[in-house]
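In: Need a 3D model of the following:
(2 chains)
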Protein chains: 2
Amino acid sequence: MATDDMDIFSSGNSVLLVNVIINGKKGSIYIDESGKIGDTCEGTNAGLKSEAEFIVDGNGAIATPGFTNTHTHAAMSLLRGNADDMHLQQWLSEKIWPLEAHLTGEDVYWGTKLACLEMIRSGTTAFNDMYFFMDQAAKAVKETGMKAVLCHGFIDFGDEEKRESEIKATEALYTHVKEMNSPRIKMATGPHAPYTVSKEGLSWCAEFSKENDVHLHIHLSETEAEVKGCIEQHGMKPAKLLEECGCLTDRTIAAHCCWLDDAECELLGRYGVSASHNPASNMKLATGRAMPFQQLRDAGANVTLGTDGCSSNNNLDILEEVKFAALLQKFFWKSDTVLPANEAFDMITSAGANALGFGSGKIEEGAPADIVLIRTDVPCNTPLYNPVSNIIYSCSSNAVDTVLCDGRVIMHEGIIPGEEEILKKASETAFDLVKRKEETG
Amino acid sequence: MATDDMDIFSSGNSVLLVNVIINGKKGSIYIDESGKIGDTCEGTNAGLKSEAEFIVDGNGAIATPGFTNTHTHAAMSLLRGNADDMHLQQWLSEKIWPLEAHLTGEDVYWGTKLACLEMIRSGTTAFNDMYFFMDQAAKAVKETGMKAVLCHGFIDFGDEEKRESEIKATEALYTHVKEMNSPRIKMATGPHAPYTVSKEGLSWCAEFSKENDVHLHIHLSETEAEVKGCIEQHGMKPAKLLEECGCLTDRTIAAHCCWLDDAECELLGRYGVSASHNPASNMKLATGRAMPFQQLRDAGANVTLGTDGCSSNNNLDILEEVKFAALLQKFFWKSDTVLPANEAFDMITSAGANALGFGSGKIEEGAPADIVLIRTDVPCNTPLYNPVSNIIYSCSSNAVDTVLCDGRVIMHEGIIPGEEEILKKASETAFDLVKRKEETG
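Out: Next comes the predicted model:
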């Protein structure tokens, strides 16, 4: 390194990554002061070397684009392992909702910080989050150096007063994020789901997203029961309802999508919607059907990957999740060739970045330097016939060595600045939350 | 540490583990020179401390019994990522079998060493392996300090000459392992599967296992096609055929078991057979059905967990596998409460150890000191409401810090002696194998 160890984590420096594997070849990547990839080349390129403020030696690591997690409830990291192996409705009504009723902004701040640690450790540079107290989530994301699209979970259950307060919360987040003026942080509208938000609420979110050119983040057809409920209530399937309310656009990210039929896949494709596959959560909660990946892809939808929140997963490890995706698709759809490694890799790189509007998700000149270095001197990358196969099927987050987001090093050789304090505070916050719930019943 | 750093990896020392969590409480574990757990107690116990040659500070880690992987083809680690996303038969006939035709004993030695590294890193202390050149596998296992049950994959396709040579290979392995005289290494008979071994071959293996009191390791009902084939050829389902040939005993470990019907589950339960669930492999190869875990368990079978080989998984990470098991069971059997965390934990500890006859798989006085220390100062264990839930659903091998097998430290704070050389040699061996195949076509 050019200067002392801690400075490498500061922003606004030029960085040269040397001795890394890019698309199968040894080479180096130059990142300019603006955080963009200036150049990639074979060898170490002495010219660039002299210009860079920091030189990071990859020791033969694979350089990949940063990974994107397109469906999270980050601060639910505080609930990890608090309740498992219960029936869904009992779990929500007896465990999750009573705890969430006691959530404070500070809880969300520390929970999101903890979530960011986990995500960075698995090579994630950007995520799409829906939760509450999102100004505090934004603060956490800004400090960790990641990118995120943040939305307030909008739930009105058809109640006008509730809807008004959700509209205010959404507008407040819009103003707050605008004032933060960070290229790494965006807001979205977050209509929770067709079964928790009225048509008026859905339409308002769609209109607000359109007017302000922001994303729309929604849960879609996670369970069979909600599809049946939608048909009973509205006389149509959920995707059709979303179309009617203006919620299907290329700024929309729809999570789960387990129970979409062919016509609904076609609808999502036609509007260029991004779908977020959440295999671990769907398996743990026994949703009974896997997202129709191939149908969505064939229809032209942008299929991406998300971990969902920690209470239904129970981690935010995108490298674990991508293996779940590639294997669940093969198993459920009874095809040993569906969702091959290269397509799974695209889900967490280019498709994810495109969904959130954070660049191309590729290592190429002019792209934001969101880059992950994956160690090759580890068992999961030995032998190294096919880096992409190893990343998808063999590696876990323990192979992730160094992470850059917008050109800034946010993890270096497994070290994330401030990790110890975050773990301590998040743990204290979590136990305090449970205590408050128990005290008030 | 009492003496210099490297000595901690030597065998035959007494060890005191302090500052660890045992069954939810902080305490310490004393391990005597014979490799057995002498005592566990709360606090650090100064009396024991003065006796121990080594003191290992767990820094608040969770101490769990070592994990057991009950179905592997360890040396297939050399084929990791060589071919994926192909149709099963094409993959076998064009990729796997042509490579295996060129395998040498040295390949198996380095492949098994690589596999042991991976397994130790995920907290595995014992495994059940079927492959070729098993004298070389035994050498590798002995050197790494792990425990294993090893069998030669016995395949005769009904051919008498082939059967005679498989019998000789099995007998030679028996003699070899007996001469090694290691309490950590056992042999088993390894009739590959009901569809690759004649009734005569199955019966010979059963008889040999009975006479010599050794295990029998077999693939059972992985695909629907083999079940149909068995009915066509033998007029009965595979488990019934195994019963007729004497292959169902409490020394039997049957891998996969995806397509067993209720009567077959009952049969495995009646004989006290151990079943090895291999969820990741079954999902990747799209077998179409998940092992009927609950039926097998209710019938009294001993249900355990295995990763299968690296070319169908593509790693040997038992902590990843156990999450696949707990989630696949919930998803396939449409129940959010089946295979809860504590039962999944039993699969990889007590049930696994019982299957292979390597002690109780519990941390208790007199048990072999097969112990794993799992870090708690990491995101996946924050917060720590429920250690077992976190281990099953949240942790991956990156939380595994220290591993002891029979009282000997085989990994300490992430360090395994000789790892660098093993990775180098295994990589060279793998590429050399592929080159030999390509040269001879």
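In: Could you measure from A:Thr249 over to A:Leu267?
Out: 12 Å (Cβ to Cβ, to the nearest Å). From N, CA and C alone the C-beta is placed, and that goes for glycine too.
In: is chain B contacted by stretch A:127-141?
Out: No. If you take Cβ under 8 Å from any Cβ of the partner chain as the test, stretch A:127-141 misses chain B, and the best it gets is 13.8 Å.
In: and that stretch, what's its mean pLDDT?
Out: pLDDT averaged over stretch A:127-141 equals 98, rounded to a whole number.
In: Buried residues of it, list them for me.
Out: Going by neighbour count (16 or more other Cβ atoms under 10 Å in any protein chain shown), the buried part of stretch A:127-141 is A:127-141.
In: and what of stretch A:203-222?
Out: Going by neighbour count (16+ other Cβ under 10 Å), the buried part of stretch A:203-222 is A:203-206, A:208-209, A:214-222.
In: Endpoints of it, how far apart?
Out: With Cα to Cα, to the nearest Å as the measure, the ends of stretch A:203-222 fall 21 Å from one another.
In: A:Ile55 in helix, strand or coil?
Out: strand (DSSP: H, G, I helix; E, B strand; the rest coil).
In: wait, I meant A:Ile37
Out: Under the three-state scheme (three-state DSSP), A:Ile37 adopts strand.
In: Might one say that it is in contact with A:Lys362?
Out: No. With contacts defined as Cβ atoms under 8 Å, A:Ile37 does not count as touching A:Lys362, sitting 9.1 Å away.
In: Look at these two and report which has more neighbours.
Out: Neighbours per residue, other Cβ atoms under 10 Å in any protein chain shown: of A:Ile37 and A:Lys362, the larger number sits with A:Ile37, 24 against 16.
In: mind checking how far A:Ser397 is from B:Phe293?
Out: From A:Ser397 over to B:Phe293 the distance is 28 Å, taken as Cβ to Cβ.
In: which ones are touching the residue of the stretch 101-250 of chain A found nearest chain B?
Out: Among the residues of the stretch 101-250 of chain A, A:Glu118 lies closest to chain B, at 4.2 Å counting by Cβ to the nearest Cβ. Residues counted as contacts of A:Glu118 (Cβ atoms under 8 Å, 6 or more residues apart in numbering or on different chains) are A:77, A:315-317, B:379-380.
In: confidence score at it?
Out: 97.
In: Find the helix or strand that it is a member of.
Out: Following DSSP states H and E, the helix or strand that holds A:Glu118 is helix A:105-121.
In: Neighbouring strands - and their directions - for the helix or strand following that helix?
Out: Of the helices and strands lying after helix A:105-121 in sequence (DSSP H and E), the nearest is strand A:124-131. Taking DSSP bridges as the criterion, strand A:124-131 forms sheet pairs with strand A:67-72 (parallel), strand A:147-152 (parallel).
In: what angle sits between strand A:124-131 and helix A:105-121?
Out: Orientation of strand A:124-131 against helix A:105-121 (axes from the mean of the first three to the mean of the last three Cα atoms, to 10 degrees) gives an angle of 150 degrees.
In: Past strand A:124-131, which element shows up next along the chain?
Out: Next helix or strand after strand A:124-131 toward the C-terminus (DSSP H and E): helix A:134-144.
In: Report the inter-axis angle for that next one versus strand A:124-131.
Out: With the same axes, to 10 degrees as the basis, helix A:134-144 and strand A:124-131 are set at 170 degrees to each other.
In: A:Ile55 and A:Leu16 touch, don't they?
Out: Yes. The pair A:Ile55 / A:Leu16 is scored as a contact, 5.0 Å apart, by Cβ under 8 Å.
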